[in-house]
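J.: Fold the following.
(2 chains)
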Amino acid sequence: MADSTRPGTPAQSGPAWASWLGITAVVLGLLLAAAQATELVKQAVMVHAAPAAPAAAGAAAACPADELAEEGLSMGECLQLVSNVQNFTVSAPEWFPSWQMALSAAGTMLALLSVIAGVALLDFRAWGPRAAAASFAALTALDAGGFVAVLNTGPILRDLYLWPLLSWFVIHLMMTAAAVAAPRMHECRDDTGRSAGRTPA
Amino acid sequence: MSAGYGRSAVVLHGLLALGVFFLFASSWWMLALPLPSETFTFRQFPFQLHKNIGISLVGVLGVLLYVRLRHRPGPLPSTGMRGWMRTLALADHVILYVLILAACVTGYLSSSYSGWGTTLWWILDLPDWGYENESLNVFYSDLHLWSCWSLLAVIAVHLGGALYHAFRNDGVVRRMLHL
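T.: Next comes the predicted model:
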């Protein structure tokens, strides 16, 4: 991949796989960064806004009629909103919020790095594939770390977190494999010199 | 051969995308928090953050539009794009910008009429543009909701177009996504 290729240059200036993997990394990276940042805020709010007195934690929700109309909530739903919070506060081990905050902070940064790596791939930069492989692999490891952590909590948090974590883990694993394998496609040739793979060069 | 967008436009485009995605993801979660009361204050921080990011995005959008109009990129590469595709792309961009602005403004107006104040990044108390009025709050809240759902649909078209061009490797996406 020539480093001299610049935006707007003809389509033939770089391999299609770099463009495909690049746009995938950019779109998924932005979505993941938003999701991880939301998780960071969520954990911080759960820790800092939780009522200090244990009795208050079980207090009934305030559900005035005008607020219910404004939010389009039934009384039952409004009362249930407190349970959403209690799902976290009751089932999270003491170590979980700080661990989750650290993971989501790292996840936000890594997701943004993967966006930059994706743009580098789209821009056919020579360092793009290496940066992409490194950032995708780091995200895969982070997903694995999050999965193991949630595995050691209770069934409520497992229900909330495990499937999304597993999905992201598989996505990042696939992207890592693609970033490692795609630049080596030219090595996959038979004795006659023809490309043995069906993927575009 | 055509020149792409400037680096500042690229960065602003990324910031705008990240901000919009964050606002969607965080709003779905924060609206499932208990309604505010003396005991439950879970909504306080996320709502202020939501409003602050929304207000800031108006600024980002303004600067992006200024940069894009001031420094126009070269014509699109001849990629075999049909006429209706070019029209769709132009319409999609215009509607996208209008809806981002509408979503932010209606959100702020709804908040203004709700009686809950807004402190810009916890530093500057913004003036309330309206008095506390439940029906106006609901009216702007509905507008906010529908402009956001419409925005999501238009973003899907925008993303679809970006993916189409990137998978064709025709150089169109590289005009905006480059280093």
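
J.: and the longest helix for the chain?
T.: Looking at chain A here, since you left the chain open. In chain A, assigned by DSSP state H, the helix with the most residues is helix A:16-48.

J.: You answered for a different chain; I wanted chain B.
T.: helix B:134-168.

J.: Next one: A:I116 relative to A:D143, how far apart?
T.: Between A:I116 and A:D143 the distance is 19 Å, computed by Cβ to Cβ, to the nearest Å. For glycine as for every other residue, the C-beta is placed from the backbone atoms N, C-alpha and C.

J.: more neighbours, those two?
T.: Set A:I116 next to A:D143 and count neighbours by other Cβ atoms under 10 Å in any protein chain shown: A:D143 wins out with 23 against 18.

J.: That one and chain B, how far apart?
T.: 17 Å (Cβ to the nearest Cβ, to the nearest Å).

J.: related to what we said a few turns ago, can you tell me which helices and strands the longest helix of chain B packs against?
T.: Applying 3 or more Cβ pairs under 8 Å, 6 or more residues apart in numbering or on different chains; DSSP states H and E, one finds that helix B:134-168 makes contact with helix A:16-48, helix A:65-71, helix B:7-30, helix B:83-114.

J.: quick one, what contacts B:V20?
T.: B:57, B:100, B:151, B:155 (Cβ atoms under 8 Å, 6 or more residues apart in numbering or on different chains).

J.: Name all residues that make contact with the third one.
T.: Same thing as B:L151. B:L151 neighbours (Cβ under 8 Å, 6+ apart): B:20, B:96, B:99-100, B:103.

J.: do you know how far it is from chain A?
T.: According to Cβ to the nearest Cβ, B:L151 stands 14 Å off from chain A.

J.: Disregarding residues adjacent in the polypeptide, which is nearest to B:R86?
T.: Once flanking residues are discounted, B:R86 sits nearest to B:L76: 7.4 Å by Cβ to Cβ, 6 or more residues apart in numbering or on different chains.

J.: where exactly do the helices run in chain A?
T.: A:16-48, A:54-57, A:65-71, A:75-91, A:96-122, A:128-151, A:155-181.

J.: For B:T41, which of these is the nearest?
T.: Nearest of the helices of chain A to B:T41, taken as Cβ to Cβ: helix A:16-48 at 9.2 Å.

J.: Give the other helices and strands that that closest one contacts.
T.: Using 3+ Cβ pairs under 8 Å, 6+ apart, helix A:16-48 is in contact with helix A:75-91, helix A:96-122, helix A:128-151, helix A:155-181, helix B:7-30, helix B:44-70, helix B:134-168.

J.: possible to save these as a markdown table with distance to B:S112 and mean pLDDT?
T.: As requested, the helices and strands packed on helix A:16-48 are exported to a markdown table (distance: least, Cβ to Cβ, whole Å; pLDDT from 0 to 100):
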| stretch | distance to B:S112 | mean pLDDT |
| --- | --- | --- |
| helix A:75-91 | 24 | 85 |
| helix A:96-122 | 30 | 95 |
| helix A:128-151 | 39 | 96 |
| helix A:155-181 | 34 | 95 |
| helix B:7-30 | 18 | 93 |
| helix B:44-70 | 10 | 93 |
| helix B:134-168 | 8 | 93 |
